[in-house]
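In: For reference, the sequence and a predicted model appear below.
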Amino acid sequence: MTKLNQDRGFHDVEWIPAKNLSIVWAEAQRPLNAAHAQRIADNLDPDMFGTLSVTKPNGKGIYHVIDGQHRLVAVQTKWGLDEKVPCQVFDAVDPARAAQIFDHVNSGRRALQPIELFKVRVTAGNELQVEVNKIVNKCGYFIGHRNVNAVQCVGALESVYQSYGPLVLEATLRLIRKMWGDENTAAGAIIIRGIAMLLSEFRHIDFERLAQAISSKYTPSRLLGAAKTAKEMAGGVGPVIVRDILVARYNATVRGDKNKLRVNEKKK
């Protein structure tokens, strides 16, 4: 054991039977979410289990679970009470200290940012993220923070892919590229969602005319500004407002009523 571990009150990992692990002090823990525990049990992967954080045992040989109660219940559900669980035992013998450790363990963790999680899932081979990433790269972009050709709104990309399919996502990014080149404010969430909504509703739109109509009047910032003003005046949802602005601009360049887009006839 290292001096650091000794000073901090940690011990090496111990394998403790699930029957000897419990929530002794409910006030030092969050409430159990049975549905969450069941989801973990249904998808339990030993390689991803990690360790539980527990206190020293009480007089009855029961260790209070500081952190990891849902994983514990998942193990008990799937493999029974005799299954041994890897635990890191903290030098704590009362609920106050257990609550302090619980607070530190959970508040001290930095939540994964959406981009970080997206990239991890690409590496892990998750189908959605892998396919979205391929389309993004195919269109000359990459997933990253503000930079030339970087797209950071991974939630919008995933949503468009799931709602409208890969072709619409690709067409959306290609249209943005065609209109505004490598302008790093162009591929934002509201613009991506609004253009995708438009392209999904009007699959046979004149792509070249649309690109020319929009880029000749709007920069990305002007488009967002117009959407913000419209929202302040009449309310509505950002992407829908963007879609409506683009429809109006497209229609202004089209001769003849029959060639105009009729957004009101489409489901919003």
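Out: Structure received.
In: Helices of this structure, start to end?
Out: For the chain, helices defined by DSSP state H occupy the ranges 3-8, 34-42, 69-79, 95-107, 114-124, 127-138, 154-164, 166-180, 189-201, 207-215, 220-234, 238-252.
In: Tell me which of those helices lies nearest to L21.
Out: Closest of the helices of the chain to L21 is helix 69-79, at 5.5 Å (criterion: C-beta to C-beta). In this view, the C-beta of every residue, glycine as well, is placed from N, C-alpha and C.
In: returning to that earlier point: wait, which of the helices of the chain is closest to K19?
Out: helix 69-79 (8.1 Å).
In: Give me the distance between the closest one and the centre of its chain.
Out: 26 Å (C-alpha atoms, centre = their mean, to the nearest Å).
In: so how far is G256 from D45?
Out: 60 Å (C-beta to C-beta, to the nearest Å).
In: ok so, going back, so can I have TSV of the helices of the chain showing mean neighbour count?
Out: Shown next, in TSV, are these (neighbours: other C-beta atoms under 10 Å):
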stretch	mean neighbour count
helix 3-8	9
helix 34-42	14
helix 69-79	19
helix 95-107	15
helix 114-124	15
helix 127-138	16
helix 154-164	19
helix 166-180	20
helix 189-201	24
helix 207-215	17
helix 220-234	15
helix 238-252	20
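In: Tabulate the ones you listed (TSV), appending distance to V24 and mean pLDDT.
Out: TSV is the format used below for the helices of the chain (distance: least, C-beta to C-beta, whole Å; pLDDT from 0 to 100):
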stretch	distance to V24	mean pLDDT
helix 3-8	22	42
helix 34-42	18	92
helix 69-79	11	93
helix 95-107	8	82
helix 114-124	34	88
helix 127-138	40	96
helix 154-164	40	96
helix 166-180	50	96
helix 189-201	45	95
helix 207-215	63	93
helix 220-234	52	89
helix 238-252	49	91
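In: Quick one: closest of those to L52.
Out: So among these, helix 69-79 is nearest, using C-beta to C-beta, at 6.1 Å.
In: Render the CA-only coordinates of the closest one in PDB, please.
Out: Extracted as PDB, the C-alpha positions of helix 69-79 are listed here (Å, rounded to 0.1, in the frame of the first residue of the first chain):
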ATOM      1  CA  GLN A  69     -25.900   1.100  -5.100                       C
ATOM      2  CA  HIS A  70     -27.600   0.700  -8.500                       C
ATOM      3  CA  ARG A  71     -24.700  -1.500  -9.700                       C
ATOM      4  CA  LEU A  72     -24.900  -3.500  -6.500                       C
ATOM      5  CA  VAL A  73     -28.700  -4.100  -6.900                       C
ATOM      6  CA  ALA A  74     -28.000  -5.000 -10.600                       C
ATOM      7  CA  VAL A  75     -25.500  -7.700  -9.400                       C
ATOM      8  CA  GLN A  76     -27.900  -9.000  -6.700                       C
ATOM      9  CA  THR A  77     -30.700  -9.200  -9.300                       C
ATOM     10  CA  LYS A  78     -28.700 -10.900 -12.000                       C
ATOM     11  CA  TRP A  79     -26.200 -13.100 -10.100                       C
END
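In: Which other helices and strands does it contact?
Out: Helix 69-79 makes packing contacts with helix 34-42, strand 84-89 when contacts are defined by 3 or more C-beta pairs under 8 Å, 6 or more residues apart in numbering; DSSP states H and E.
In: What mean pLDDT does the last one get?
Out: What strand 84-89 shows for mean pLDDT is 92.
In: mind listing what it pairs with, with the direction of each?
Out: Strand 84-89 pairs in its sheet with strand 13-17 (antiparallel), strand 52-57 (parallel), by DSSP bridges.
In: Flag every buried residue along it.
Out: By neighbour count on 16 or more other C-beta atoms under 10 Å, the buried set for strand 84-89 is V85, C87, Q88, V89.
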